[in-house]
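> my questions are about this predicted structure, shown below with the sequence.
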Amino acid sequence: MAPVEEAVKPAAGTMDGGDFDRRTADWYIDKVVQALIFVGGISAIIFVVGIFVFITKEGLGFILDRFDFVEFFTSPYWYPAEEEDPEYGILAMIAGTASVTVLAMLVAIPFSLGTAIYIAEFATGKTRETLKILVELLAAIPSVVWGFIGLSIMNPLIIDLFDVPVGLNVLNAGIILGLMAAPIMTSIAEDALKAVPDRYREAAEAMGATRWQVIQKTVLPAARNGLLGAVLLGVGRAFGETMAVLMATGHSINIPGSVFDSVRALPATIAAELGETAVGSEHYQALFTLGIFLFMVTFVINLSADLIVRDTAKK
Amino acid sequence: MFETSTLNARNQQVQRLVRILFLMMTLFLIVPVLIILGTLIVKGSSVISIDFLFTSPTDGMTAGGIFPALLGTVFLVAVDLVIAIPIGISAAIYLSEYAGNNWLTRVINLAIINLAGVPSIVHALFGLGAFVLFFGFGTSILAASLTLAIMTLPLVIVASKESMQAVPQAFREASWNMGATRWQTIRRVVLPNAIPGILTGLILEISRTAGETAPIMFTGAVFFTPFLPQGIFDQTMAMPLHLFVVATQVPGVPEDLPYGVALMLIALVLFMNALSIAFRAWLRGKKKW
């Protein structure tokens, strides 16, 4: 085949300025770099799969030997350290996580959406920039600092205000978590409002609508999916939050009867107990099984948020 | 004929009320947090001194300073950056310069969202299972930084991608027309124009990494060690974990000490954030196209 190739390819240097064979050193570098960049490009996929594979690998022993679906999800008794007959029921922790998340969303949803609407639709110029920067800074406060605030500032405050013996409870963690999630939800919701084309607003204004009517009748319906996505991401974040919840809930196993009960959350349980377990023990594997459960729940939440937001983007 | 009708006047009133309502909601969200931060500053500033920053904890961590934790956090962030920069920026280059509008790109974007959304404690479990045990790095700065880098990767990717996508397509076309390869174009045209935006993202990455607790708890950070880290296979103390420890784990800590630690941590994090915001504002003013 060599002669044919020779014939097709113009001999090097025969044309003015021209080697049309592009396989120079630069061409090879380009191909090598492209391959490397492709590996970097799919790294996020590799890591997400890796997370699932490795936590499953560590938790698999428990799932195969000891896992009892009914006990796991319906028993409120979590006594993994018992020598004789350890019990692995996460119902109380699900209730703890759920109660804190619900309260957090009751705080965060109205205030973050209200703030997002104010920043995107009412505020102008310097006020708007200042508010945006403040929200961004609030979002940056580390979760362990929030936990410390719950522990040392909110705790005595709740004891004083409501005359209860312990201030580390659903109320404390819910407010802390709501304040934590709100700035992020505000940013995402504001992006969703900004994505509504100005011509919608102009059309409504031309019909004589006030600013509020424009927001209520035009902007909010158009941004509905984006706002829902913001709420879902907030839920996902509140659900998975570890340190702040560990420090502010009181961390005692309880199915809460009121907001003044101490509870324990799923992620916090892993953080508090993993250090005390021996690698490979049943307790250790059970904590990884909790991790698999957390991973799957947040995966579903994030996936639905993404699908909902994408749905808007298409329109 | 053009007088405001009563209906219109009522609408105007509603509009004013609603505006005030939303302003109140905004203030309700921001003001309490500012008060809390103020409390931290008032209670914490009495603790902070040069000595506090540059000495080790003493007397069972009930006295002394935070130097090993501060140094440990600097180490963790530095190693994290070494890992996150090449991976994050190449992912961003792929998404901005190579990726087509196809299923693979969708899956990558979904993976990035998930990486950011997985609870930090699950990242900790992953770090323990993968880096500490499987790859045999032990509880070390390397294992902790790898865990942190993977967790915060989405930040680097998204910021870098956006600043690369903001480089006008005409710049690339001009470079290709001169006979440059794709990589030459990226290296000499796209990256130099995108570098300020990438830096903004990296500063945010530093801020985020410095504040994370859960991912380093079981992978490399320890409650207390009398030694300063000598290399990437050593364990270390770290600021966020140190705050957790003095706030909850050690009996007999003076009341103000944790406030000092919290204030230092928050100052560190917010300073990096403010830097990033200022940098971004400066860039916006300088933009040439």
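In hand now; what should we look at?
> and residue A:94, how many neighbours does it have?
Other residues within reach of residue A:94, judged by other CB atoms under 10 Å in any protein chain shown, total 18. Placement of C-beta: from N, CA and C, glycine included.
> tell me the residues of the stretch 151-300 of chain A that contact chain B?
Taking CB under 8 Å from any CB of the partner chain as the criterion, the neighbours of chain B within the stretch 151-300 of chain A are A:151-153, A:179, A:182-183, A:186, A:208, A:210-213, A:233, A:236-237, A:239-243, A:247, A:267, A:270-271, A:274-275, A:279, A:287-288, A:291, A:294-295, A:298-299.
> give me that answer again for 6 Å
A:151, A:182, A:210-212, A:236, A:240, A:242-243, A:267, A:270-271, A:274, A:288, A:291, A:294-295, A:298 (CB under 6 Å from any CB of the partner chain).
> what does the stretch 51-200 of chain B have sitting close to chain A?
So the stretch 51-200 of chain B meets chain A at B:87, B:90-91, B:93-94, B:108, B:110-115, B:117-122, B:125-126, B:129-130, B:150, B:181-183 (CB under 6 Å from any CB).
> just these: which are in helices?
Assigned to helices by DSSP state H, the following of those qualify: B:87, B:90-91, B:93, B:108, B:110-115, B:117, B:120-122, B:125-126, B:150, B:182-183.
> what's the per-residue pLDDT of residue B:167 here?
Residue B:167 carries a pLDDT value of 92.
> quick check: phi and psi on it?
Dihedral pair for residue B:167: phi -70, psi 130, per degrees, to the nearest 10.
> does it touch residue B:193 like I think?
Yes. Look at residue B:167 against residue B:193 with CB atoms under 6 Å: they come within range, at 4.6 Å.
> show me the shaky parts of chain B.
B:1-7, B:287-289 (pLDDT under 70).
> now the strands: where do they sit in chain A?
All strands of chain A, identified by DSSP state E, fall at A:78-79, A:87-88.
> turn those into JSON lines, columns for distance to chain B, mean neighbour count and mean pLDDT.
Below are the strands of chain A laid out as JSON lines (distance: least, CB to the nearest CB, whole Å; neighbours: other CB atoms under 10 Å in any protein chain shown; pLDDT from 0 to 100):
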{"stretch": "strand A:78-79", "distance to chain B": "16", "mean neighbour count": "17", "mean pLDDT": "87"}
{"stretch": "strand A:87-88", "distance to chain B": "17", "mean neighbour count": "17", "mean pLDDT": "88"}
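> can I get these in CSV including distance to residue B:210?
Compiled in CSV, the strands of chain A are given as follows (distance: least, CB to CB, whole Å):
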stretch, distance to residue B:210
strand A:78-79, 33
strand A:87-88, 36
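> and of those, who's closest to residue A:165?
Proximity to residue A:165 (CB to CB) singles out strand A:78-79 among these, at 23.5 Å.
> contact partners for the residue nearest in space to the middle of chain A?
The centroid of chain A falls nearest to residue A:237 when counting by CA atoms, centre = their mean (3.8 Å). Neighbouring residues of residue A:237 by CB atoms under 6 Å, 6 or more residues apart in numbering or on different chains: residue A:181.
> look up how far residue A:211 lies from it.
To residue A:211, residue A:237 is 31 Å away according to CB to CB, to the nearest Å.
> just residue B:272 next, same as before
The gap separating residue B:272 from residue A:211 is 37 Å, by CB to CB.
> looking at the two, which has the bigger crowd around it?
Taking other CB under 10 Å, residue B:272 and residue A:211 do not tie; residue B:272 has more neighbours (22 against 19).
> excluding chain neighbours, what is closest to that one?
residue B:207 (3.7 Å; CB to CB, 6 or more residues apart in numbering or on different chains).
> does that neighbour touch residue B:274 like I think?
No. If you go by CB under 6 Å, residue B:207 and residue B:274 don't touch, sitting 9.3 Å apart.
> who's more crowded, these two?
A count of neighbours by other CB under 10 Å puts residue B:207 above the other of residue B:207 and residue B:274, at 23 against 16.
> and the more buried one, what is it in contact with?
Going by CB under 6 Å, 6+ apart, residue B:207 touches A:140, B:269, B:272, B:273.
> among those, which pair sits farthest apart?
The most widely separated members of those, counting by CB to CB, are A:140 and B:272 (8.2 Å).
> what helices and strands are in contact with the top helix by length along chain A?
Secondary structure assigned by DSSP H gives helix A:282-314 as the longest helix of chain A. Helices and strands touching helix A:282-314, by 3 or more CB pairs under 6 Å, 6 or more residues apart in numbering or on different chains; DSSP states H and E, are helix A:43-65, helix A:224-240, helix A:266-273, helix B:103-117, helix B:120-127.
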